[in-house]
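> Sharing a model prediction with you, sequence too.
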Amino acid sequence: MYIPASTAVTMFANTNPAAILTFPVQRDVQVLLDQAIYQVMSARFAGTPHQDFGKCAAYAIVGAQVLNLLTGAKCEAVCGGQIMDCGSDQYLVISPKREEIRNARNLSNLSLYHCWIQVTPADFQSHEPLIVDFTVRYDAESAKLLGKSYHQIATHHFLWESSRYFDKDIPQTIRHHPHLKHKERGWLWREARCERLLKKYAQQNRTQFTQMCADTLQVFADKVEQLMQKMPAA
């Protein structure tokens, strides 16, 4: 049955008609959002090489659009580098080379980069900026592809954390990495040039991403409706 997303998620609404979801967003709602965007991404890239693995840019673009529509907050798809904790004191630096950044005309010209969503709630004085990443489910595969063993026992499908979560000291074992020169803290960083390429990619595929956003909202609405039907009557 088709129902508008705004109707299906009434249980999470507040008095602000521009925002369907309020901060902090409940964990079970985060899970439903992750399931919805994963379902749409999997369907969209089925049959393509690697399917939705390695599609962090598409995940970030569509996810940012969805979150913006549901929360009314400033939600940006951003791009840069990251340090991935592979467990057992092993770390992976995912960051584009400076020469690549200077010469790239398209996002596909970069060999290594990461995209995620930065959310700035309207009431930023009460709620800190958030980092949302719907591609954490592929960390182990990314590590394997880049020749690094992955020893994390706990597995997560997505990440939804305060920006402070990444404000950590650079591990001693990778301080020599050329992309981390003169860097003491921070496991996630934005690159302005990469973000211009990301915006270009989003613009070039605007129709596709708009449809994927609409599909995600519908799947999310269906999942919320199913959840409401399972709840005991008041």
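Thanks, I have it.
> so where's the longest strand in the protein?
strand 74-87 (DSSP state E).
> pull the CA atoms of that one into CSV?
The C-alpha trace of strand 74-87 is given here as CSV (Å, rounded to 0.1, in the frame of the first residue of the first chain):
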residue,chain,number,x,y,z
LYS,A,74,21.5,20.9,7.2
CYS,A,75,22.7,17.6,5.8
GLU,A,76,25.7,17.5,3.5
ALA,A,77,27.3,14.8,1.5
VAL,A,78,31.0,15.4,2.1
CYS,A,79,34.3,13.9,0.9
GLY,A,80,37.8,13.5,2.1
GLY,A,81,39.9,11.0,4.0
GLN,A,82,39.6,8.7,7.1
ILE,A,83,41.5,6.4,9.4
MET,A,84,39.8,3.0,9.7
ASP,A,85,40.4,1.0,12.8
CYS,A,86,40.8,-2.6,11.6
GLY,A,87,41.4,-4.0,15.1
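> Mind checking what helix or strand follows that strand in sequence?
Next helix or strand after strand 74-87 toward the C-terminus (DSSP states H and E): strand 90-94.
> can you pull the buried residues of the longest strand of the chain?
Cys75, Glu76, Ala77, Val78, Cys79, Gly80, Gly81, Gln82, Ile83, Met84, Asp85, Cys86 (16 or more other C-beta atoms under 10 Å). For every residue, glycine as well, the C-beta is placed using N, CA and C.
> and Asp52, which of the three is it?
coil (DSSP: H, G, I helix; E, B strand; the rest coil).
> Any idea how many residues pack against it?
22 (other C-beta atoms under 10 Å).
> Repeat that for Ala36.
24.
> Tell me the buried residues in the helix or strand where Gln208 lies?
Under the criterion of DSSP H and E, Gln208 resides in helix 206-230. Using 16+ other C-beta under 10 Å as the burial criterion, the residues of helix 206-230 that qualify are 209, 212-224.
> now do stretch 151-167
By neighbour count with 16+ other C-beta under 10 Å, stretch 151-167 contains the buried residues Phe158, Leu159, Trp160, Phe166.
> got the contact list for that stretch?
With contact meaning C-beta atoms under 8 Å, 6 or more residues apart in numbering, stretch 151-167 is reached by 25, 30, 34, 38, 85-88, 90, 118, 128-137, 139-140, 185-188.
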